[in-house]
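Colleague: how would this look folded up:
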Amino acid sequence: MAINFYGKHKMAGVNECFSIGSIVVCTNCFDEEIEGEVLGFEPNTKMLILKCPSTSNNSTLNDINIVNLAFAKDVQVKKESNFVPPPLPSLNLNRINNRIKTQIQDKKRQISAMSANVSPEAQKLYMTITKTIPEVSWQGQNIVVYDQVIISPPYKPENVKGTGNPEDKAIVYIKNIVEKHFKDNAIQQVSSTSTTHRSKPTATASQSQ
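Modeller: Sure, this is the predicted structure:
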């Protein structure tokens, strides 16, 4: 599909509206005639979008020509279409608002992680936990989850402590998240290192006797 833009040599008095599906012939600034089916028209900018047969003679393809009618020489409607576009689907405002709220909360968590004056590793762990648990905060350099589980530096699974029984479900759950986080990071680092080594060219040296 080729997309072409045409303009120059302003044509005065172009105020027409074009219905979708109409066949229109435009004469551009190069005195070329562009005939095609109207795909869209923007009256404020006078941009007309035409679907034309492909110049590659491929019947399965089309060229898309975008013509600024304010700078065209001539425009003729060869066939008017009675096509009525379907109504636009209604917006789910609740879903949009929920997405906005979620993104705002995510940005706030990112800001909180970056302003805690902790290591990048601690920030990554904090963000990992907040993906599944919203009740996460900072207490100095400690990560506090559910207001009862504390992860202290260096933020390993053995650094996960709670106010209750060590076998408490919340504590075990947080330990599992921390353990998985470090395993995933280790796998990612190994994969990244392996890719870096493969990308380096092998240098061979030869000495002349």
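Colleague: Please count neighbours and contacts with C-alpha atoms only from this point.
Modeller: OK.
Colleague: next structured bit after the worst-scoring helix or strand of the chain on mean pLDDT?
Modeller: Least confident element among the helices and strands of the chain, by mean pLDDT, DSSP states H and E: strand 3-6 (a mean of 47). Using DSSP states H and E, the helix or strand that directly follows strand 3-6 along the chain is strand 23-27.
Colleague: For that next one, buried residues please.
Modeller: If you call a residue buried by 16 or more other Cα atoms under 10 Å, then strand 23-27 has these buried ones: Ile23, Val24, Val25, Cys26, Thr27.
Colleague: ok, the last one - contacts?
Modeller: Thr27 makes contacts with Glu33, Ile34, Ala72, Lys73, Asp74, Val75, as judged by Cα atoms under 8 Å, 6 or more residues apart in numbering.
Colleague: Quick check: the gap between it and Cys17.
Modeller: 17 Å (Cα to Cα, to the nearest Å).
Colleague: same question, the second one
Modeller: If you measure Val24 against Cys17 using Cα to Cα, the figure is 12 Å.
Colleague: With Glu33 instead?
Modeller: Following Cα to Cα, the distance that separates Glu33 from Cys17 is 19 Å.
Colleague: Can I take it that Tyr173 is in a strand?
Modeller: No. Tyr173 sits outside any strand when classified using DSSP: H, G, I helix; E, B strand; the rest coil, being helix.
Colleague: number of nearby residues for it?
Modeller: 12 (other Cα atoms under 10 Å).
Colleague: What of Gln110?
Modeller: Here the number of neighbours of Gln110 (other Cα under 10 Å) works out to 16.
Colleague: Report whether it is found in a helix, as I expect.
Modeller: Yes. Inclusion of Gln110 in a helix is indicated when three-state DSSP is applied.
Colleague: neighbour count winner among Glu33 and Cys17?
Modeller: Glu33 (15 against 11).
Colleague: where does the protein have low pLDDT?
Modeller: Under the criterion pLDDT under 70, the flagged ranges of the chain are 1-16, 88, 166, 193-209.
Colleague: how's it carved up into domains?
Modeller: For the chain, the domain assignment from automatic domain parsing gives the residue ranges 3-79, 113-192.
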